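Trainee: Below is the structure, and that's it, no one-letter string:
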């Protein structure tokens, strides 16, 4: 077998060998101190993926002897699953940041000023007079994140409304979905 020498840059390939395809390449990762022997796919071990691996504390490292940064489909799937898997809140941690992580991201700055004012009036959010749109959106965002939500009740009510083809507005107007 002929060994080809390709220029390397800090252990990463320069890309010249990539033109010959990766059919003979194996995964560039070391999984729990053992080099992976699976065939490399077209997924690359980028800086973003390295950050995900570090954050999720996966026991994956790039082999310094590897001449490329391609990873196998097994490790690609493992990293994707780790990225999408939500971390469960720990009972021992009473972090104030935990509540902020659980709330959905609502871009209050995209709403119209009248909508923000209606929200403020409906929930009786105390503000000083003369706020501009950005200040009002910020105050409302803080209020929204502070609202307690019982997820179990919300889900039960949602499922009930879907099954009965109900609408919250129908209940306020005294219209029953059975009579329609």
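Mentor: Yep, it's here. Note that the structure is predicted; figures quoted are calculated from it, not measured.
Trainee: roughly how far apart are the residue lying closest to residue 32 once chain neighbours are set aside and residue 78?
Mentor: Spatial nearest neighbour of residue 32, excluding adjacent residues (C-beta to C-beta, 6 or more residues apart in numbering): residue 59 at 4.5 Å. Just so you know, the C-beta spots here come from the backbone N, C-alpha and C atoms, and that holds for glycine as well. According to C-beta to C-beta, to the nearest Å, residue 59 and residue 78 sit 11 Å apart.
Trainee: The two: which is more packed in?
Mentor: Legend: neighbour count by other C-beta atoms under 10 Å for residue 59 and residue 78, higher for residue 78 (18 against 11).
Trainee: I'd guessed the more buried one sits against residue 58; true?
Mentor: Yes. Using C-beta atoms under 8 Å, residue 78 is in contact with residue 58, at 7.1 Å.
Trainee: residue boundaries of the helices in this structure?
Mentor: Here the chain has its helices, by DSSP state H, at 47-55, 73-84, 96-102, 113-122, 133-146, 151-163, 168-172.
Trainee: Those: which one's closest to residue 30?
Mentor: helix 73-84 (10.4 Å; C-beta to C-beta).
Trainee: Show me which residues of that closest one are buried.
Mentor: 75, 76, 78, 79 (16 or more other C-beta atoms under 10 Å).
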